[in-house]
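Trainee: Below is the sequence, then the predicted model.
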Amino acid sequence: MPRMARKMSSTKVYHVILRGNGKQDIFFDEQDYKKFIKEIVNTKEKYKYELYAYCLMTNHVHLIIYDKHDRLSKIMQSLAVTYSAYFSKKYEKVGHLFQNRFLSKEVETSKYLKQVCRYIHQNPEKAKISKVDNYKWSSYKEYITQSNMVDTKMLLSLFGENKEEAMKNFTTYNIGKVENINDYLEFEAIKKLTDEQARKEIEKILGLKSLEKIKEFNTKIRNEYIRKLKGIKGISKLQISRILDLNRKIIERVLK
C-alpha cells in the first residue's frame, strides 16, 4: 500500500519529531550533537527553510520548521540519511537508526506556536536533565544571546513590539513551571489509531451495534456515551466526531 501524503499546514509551520528506532539513543557525545546541528545548517542552506526552535534530546529531536517551499519530507530525509551514515560509521551500527518516518504536526496559530516552542525548550527540564536556560542543545540559548541558525524574529514578535520587551516576556514565558500540554502534542508519545482501529475500539467500549444511533439519544445519554471514550489512547477528537457522525464542537465540549 502506498504511503498517504502528509497533511499540509496552511501556515507551512510544522512541529517535527525524529526518534531513534525502538527508542534507542541517537546521541552519545558532544561530537554527535554538533554533527546533527551541522546537518541542520546544511539542510537550511539547501532547502531554504526557516527554523523557529529545536531541541536535541538523547533519543529524539524536536524541530519547529517553516517549510515555505513545501519540502518537509526532503528536509527530514536528508537530515536522517546524512546523520545515520555518520552514526553508522562511527559506532559500526547495522540497521536503521531512526523510526521509519518522522512525526509532524501542523502549527496553525500563534498561540500554539508559542506553546509548542516552550514545550520544546522545557523538554530537558521535564526529563530532569537540565534547567531550560542551562541546556546546551536547544534553541533557547539563541533567543537569549545571539542567533546563529535559528530564525528568532517571528517568535519574538509574538512577545512584544520591541526587542527588549519581547526578550523579557519570552524569558518569563519559557522559564518557570514546566507545563504539560499533552492535548496539543498527543502525537508525540502515542501511536495514532487509524479510523478503522478507532471504530473497533469505540464499538468495544460503548457496546453499540450501530454507532450512528448515538445521534438519536437525548443529550444527557449521548454525552454519557461520549465521556466513556475519554481514555482511549491514540484517538483524536476529530476522529471521534467523524466516526460518530457528530459535530466536532460537541465532542470537544463534552471531552474538555
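Mentor: Perfect, thanks for sending it. Please read these numbers as outputs of a predicted model, since none were measured by experiment.
Trainee: Run through the residues that contact the spatially closest residue to residue 59 that is not a sequence neighbour.
Mentor: Leaving aside its chain neighbours, residue 59 sits nearest to residue 20 (4.2 Å; criterion: Cβ to Cβ, 6 or more residues apart in numbering). Using the backbone N, CA and C atoms, a C-beta is placed for each residue, glycine as well. Residue 20 sits next to 26, 59, 60, 97, 98, 99 when contact means Cβ atoms under 8 Å, 6 or more residues apart in numbering.
Trainee: Those: which two are farthest apart?
Mentor: 60 and 97 (11.7 Å; Cβ to Cβ).
Trainee: Is the residue nearest to residue 59 bridged to anything, and to what?
Mentor: residue 98 (DSSP bridges).
Trainee: Look at it and report its pLDDT.
Mentor: Looking at residue 20, its pLDDT stands at 91.
Trainee: Roughly how far does it sit from residue 252?
Mentor: Residue 20 sits 34 Å away from residue 252, going by Cβ to Cβ, to the nearest Å.
Trainee: again with residue 42
Mentor: Following Cβ to Cβ, the distance that separates residue 42 from residue 252 is 42 Å.
Trainee: try residue 11
Mentor: Residue 11 is 21 Å from residue 252, by Cβ to Cβ.
Trainee: ok, now residue 51?
Mentor: Using Cβ to Cβ, residue 51 is found at 32 Å from residue 252.
Trainee: go on, residue 161?
Mentor: Where residue 252 is concerned, residue 161 sits at a distance of 33 Å (Cβ to Cβ).
Trainee: which residue ranges form the strands in the stretch 151-256 of the chain?
Mentor: Taking DSSP state E, counting those that start in this stretch, the stretch 151-256 of the chain contains no strands at all.
Trainee: can you give me the helices for it?
Mentor: Assigned by DSSP state H, counting those that start in this stretch, the helices in the stretch 151-256 of the chain fall at 153-157, 163-174, 186-189, 195-206, 219-227, 237-244, 248-255.
Trainee: And the fourth one, what does it pack against?
Mentor: Contacts defined by 3 or more Cβ pairs under 8 Å, 6 or more residues apart in numbering; DSSP states H and E place helix 195-206 against helix 237-244.
Trainee: Dump the C-alpha coordinates for the helix it packs on into PDB.
Mentor: Provided in PDB are the C-alpha atoms of helix 237-244 (Å, rounded to 0.1, in the frame of the first residue of the first chain):
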ATOM      1  CA  LYS A 237     -11.500  14.300  18.900                       C
ATOM      2  CA  LEU A 238     -11.700  14.800  15.200                       C
ATOM      3  CA  GLN A 239     -11.800  11.000  14.700                       C
ATOM      4  CA  ILE A 240     -14.500  10.600  17.300                       C
ATOM      5  CA  SER A 241     -16.500  13.300  15.600                       C
ATOM      6  CA  ARG A 242     -16.100  11.600  12.200                       C
ATOM      7  CA  ILE A 243     -16.900   8.100  13.400                       C
ATOM      8  CA  LEU A 244     -19.900   9.000  15.500                       C
END
